[in-house]
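Peer 1: Here is my input; please provide its structure:
(2 chains)
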Amino acid sequence: MTDTVLETENLAVTYTGDRRVEAVKGVDLAFPENRLTAIIGPSGCGKSTYLKALDRLHDIQPNVEITGEVYLRGEPVYDTDEPAPEIRKQVGYVPQEPTALPLSIYENVAYGLRIHGLFDSKDDLDELVERHLRKVNLFEEVSDRLDAPAAGLSTGQIQRLCLARSLAVEPDVLLCDEVTSALDPISAENVEETLAELAEEYTIVMVTHSMDQAKRLADEVVFLYLGEVVETNDVRSFFEDPQHERTKRFVSGPTDDEYAVSDAT
Amino acid sequence: MNRYTRERVAGVAVRAATVLVLAVMAIVIGVTLARGGRVLLANPAIVVTPPGSRYMLEANGGFLHAVLGSLFIVGPATVVSMVLAVSTAAYLQSDYSSERFSDVTNMFLNVLWGTPPIVYGVFVLTVVIALGARTSMFYGIVAIAIFQYPIMTRYTDEALRSAPDTVREATYGLGATRFESAVMTARAALPGIVAGVIMGFARGVGDAATVLFTAGRSTRMPGGLFEPATTLPVLVFDQATSFNAEVRSHAYAASFVLIVVVLGLILASKLLAGRYARFAPGGRNS
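Peer 2: Prediction:
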């Protein structure tokens, strides 16, 4: 049995704006170390909301109410005296939209290292930036223009840069929010390959709308429906032998490939 | 009238309006450049020559005093206003401010923007009188800074508002504090902020009403912070109403300098904005 890195206990997220929306309703989940867990479910089922709650990212917007608790290596994430930025440093978050900071490629990766003071010298920083760019298979593509604005990269490259930027601060767990959904197929494939490699040494929680992607990448799968966990299992059992009626229907529904065929005809 | 005729009529009307605006602009700039240019070409030294003792009467010397007066008043005013404007806008767009407070503040800023500059002049004059002081460069700086403040704040606010939210989320995700995140958002908005500051400077340089009662008038070189000083727009007014034809011709030369400075600043703001935009998300490729 592997260690649990991240765990949620009865975690509920409610939007309290114009109308109360209970987006996540008391979710208990545990994410084991060095495994890639995919959270799947139809649009609007609370996947992204849940993911952001793991990183205390709802703190930055008004009208969100969070109850329950998240434990990172056994320590509470919400009921703690530690400042939120320290928590967020330990939990990397890669947003859906590939976002380059308005800096050079080099400085994008160095940003987290700089704000947390995680390097000793310029040489050390250079080495860390290169190592993390290599980790996401981006170094070869950009080594001759590290000082160029990151905004000039392709969206696929920017998404890999985001991964490198998040990994640079050495988080305990990496949250990926539909990181391939805004990309063209070839870029998406590159990012997926990178994720597959990273999954060997990192704990990754990935939200995806694509069951095929979950099948290809995940070790564990969580099926979220209307803010509640319907089923969670290892990837094989989940797809080959779903336990719940709703999971069965969701899994046997049209896959991406079938959509592609029906589009073509 | 059928839909295609209507479309053609609308097209002609829009084009005619554009031509009209461009023509007026071309005439204003053209006349100033031609008439002012002629005077300046004949005697370019007047821009950098201090005025003689009877300059307004006999046009002896030049109008360096007004060029420097403009720089000494609008320069510091822009710096003061920029600090205030960027802080205000950053606060309004930050997570420290509530949406309601930001909306109300923005409404007041719009009202301030729409306030005729002469009102600022009169307001500062009231303060000057209440303090028992006399008009000087210092009060000119105050009046221009107040005048520029809403312009720069609105520009900066717009720029920060249009900076993508994802930048904020990405920095928070990396463990940035609210301040660090705000700095990064400001960086993303830098092209707009730079454009706003330069626009504020250009408006400040070109405005006469604010400084008329506050900085006073002088036909001598600026003597100190608490001495009266003349700026280019005020000088142009004084020269243009002079009975001496040569002084009146200097008004075109001074206008020439003013218009070149303002056009130059606007061009600079465009170029600078373009340069910074390279680093902004969604910016041009290097």
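
Peer 1: Quick one: end-to-end length of stretch A:41-60, please.
Peer 2: End-to-end distance of stretch A:41-60 (CA to CA, to the nearest Å): 25 Å.

Peer 1: Tell me where chain A has helices.
Peer 2: Applying DSSP state H to chain A gives helices spanning A:47-54, A:84-90, A:105-116, A:122-135, A:139-142, A:155-168, A:185-198, A:211-217, A:235-240, A:245-252, A:256-264.

Peer 1: Next up, the contacts around A:Ser154.
Peer 2: By CB atoms under 8 Å, 6 or more residues apart in numbering or on different chains, A:Ser154 lies in contact with A:Ser187. (C-beta placed from N, C-alpha, C; glycine too.)

Peer 1: Deepest in the core, which of the helices of chain A is it.
Peer 2: Stretch with highest mean neighbour count among the helices of chain A: helix A:155-168 (a mean of 25; mean count of other CB atoms under 10 Å in any protein chain shown).

Peer 1: pLDDT averaged over it - what is it?
Peer 2: Here helix A:155-168 scores 92 as its mean pLDDT.

Peer 1: and it, anywhere near chain B?
Peer 2: Yes: interface with chain B: helix A:155-168 contributes A:162, A:165-166 (CB under 8 Å from any CB of the partner chain).

Peer 1: Of the residues you listed, which is the nearest to A:Lys89?
Peer 2: Using CB to CB, A:Ser166 comes nearest to A:Lys89 of the residues of helix A:155-168 next to chain B, at 10.1 Å.

Peer 1: pretty sure that closest one is touching A:Asp172, no?
Peer 2: No: using CB atoms under 8 Å, A:Ser166 makes no contact with A:Asp172, being 11.8 Å away.

Peer 1: And the closest residue in space to A:Val229 that isn't next to it in sequence, how close does it get to A:Asp219?
Peer 2: Leaving out its chain neighbours, the residue that sits closest to A:Val229 by CB to CB, 6 or more residues apart in numbering or on different chains is A:Val27, at 5.5 Å. According to CB to CB, to the nearest Å, A:Val27 and A:Asp219 sit 19 Å apart.

Peer 1: more crowded one of these two?
Peer 2: A:Val27 (22 against 16; other CB atoms under 10 Å in any protein chain shown).

Peer 1: What pLDDT is listed against that one?
Peer 2: On the pLDDT scale, A:Val27 gets 92.

Peer 1: Tell me how many other residues surround A:Gly17.
Peer 2: Residues near A:Gly17, counting by other CB under 10 Å: 10.

Peer 1: Quick one, grab the pLDDT at it.
Peer 2: At A:Gly17, pLDDT is 80.

Peer 1: Likewise for A:Leu51?
Peer 2: At A:Leu51, pLDDT is 92.

Peer 1: Quick check: buried residues in the top helix by length along chain B?
Peer 2: Looking across chain B with DSSP H, the single longest helix is helix B:3-42. Within helix B:3-42, the residues that count as buried by 16 or more other CB atoms under 10 Å in any protein chain shown are B:32-33, B:35-36, B:39-40.

Peer 1: Next: stretch B:247-259.
Peer 2: For stretch B:247-259, by 16+ other CB under 10 Å, it's B:247, B:249-259.

Peer 1: Would you mind giving those as CSV with pLDDT, distance to chain A and secondary structure added?
Peer 2: Output for these, formatted as CSV (pLDDT from 0 to 100; distance: CB to the nearest CB, whole Å; DSSP: H, G, I helix; E, B strand; the rest coil):
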residue, pLDDT, distance to chain A, secondary structure
B:Val247, 90, 51, helix
B:Ser249, 90, 49, helix
B:His250, 90, 46, helix
B:Ala251, 91, 45, helix
B:Tyr252, 91, 44, helix
B:Ala253, 91, 43, helix
B:Ala254, 92, 40, helix
B:Ser255, 92, 39, helix
B:Phe256, 91, 38, helix
B:Val257, 91, 36, helix
B:Leu258, 91, 35, helix
B:Ile259, 90, 34, helix
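
Peer 1: nearest to B:Gly200, of those?
Peer 2: Sorting the buried residues of stretch B:247-259 by how near they are to B:Gly200, with CB to CB, puts B:Leu258 at the top with 16.1 Å.

Peer 1: how long is stretch A:128-146 from one end to the other?
Peer 2: With CA to CA applied, stretch A:128-146 spans 13 Å between its terminal residues.

Peer 1: same deal with stretch B:171-181?
Peer 2: By CA to CA, one end of stretch B:171-181 lies 6 Å from the other end.

Peer 1: and the residue positioned nearest the centre of chain A, what pLDDT?
Peer 2: With distances taken as CA atoms, centre = their mean, A:Cys176 lies nearest the centre of chain A, 1.4 Å away. We have a pLDDT of 93 for A:Cys176.

Peer 1: what pairs with it across the strands?
Peer 2: A:Val94, A:Met206 (DSSP bridges).

Peer 1: And it, how far from A:Arg145?
Peer 2: Taking CB to CB as the measure, A:Cys176 falls 26 Å from A:Arg145.

Peer 1: does B:Asp176 sit in a helix or strand, and which one?
Peer 2: In this structure residue B:176 is Ala, not Asp. Assigned by DSSP states H and E, B:Ala176 belongs to neither a helix nor a strand.

Peer 1: Now it. Nearest residue, chain neighbours left out?
Peer 2: The nearest residue in space to B:Ala176 (CB to CB, 6+ apart) is A:Ile115, at 5.7 Å.

Peer 1: Let me see the contact set for the one you found.
Peer 2: Neighbours of A:Ile115 in contact, by CB under 8 Å, 6+ apart: B:174-177, B:180.

Peer 1: Farthest-apart pair in these, please.
Peer 2: It's B:Leu174 and B:Thr177 that sit farthest apart of those, by CB to CB, at 10.7 Å.

Peer 1: Of those two, give the one with the bigger neighbour count.
Peer 2: Higher neighbour count among B:Leu174 and B:Thr177: B:Leu174, with 27 against 16, using other CB under 10 Å.

Peer 1: any idea how far that one lies from A:Val169?
Peer 2: 6 Å.

Peer 1: Counting neighbours, what do you get for the closest residue to chain B within the stretch 151-265 of chain A?
Peer 2: Per CB to the nearest CB, A:Gly152 is where the stretch 151-265 of chain A lies closest to chain B, at 4.1 Å. As a burial measure, A:Gly152 scores 19 neighbours (other CB under 10 Å).
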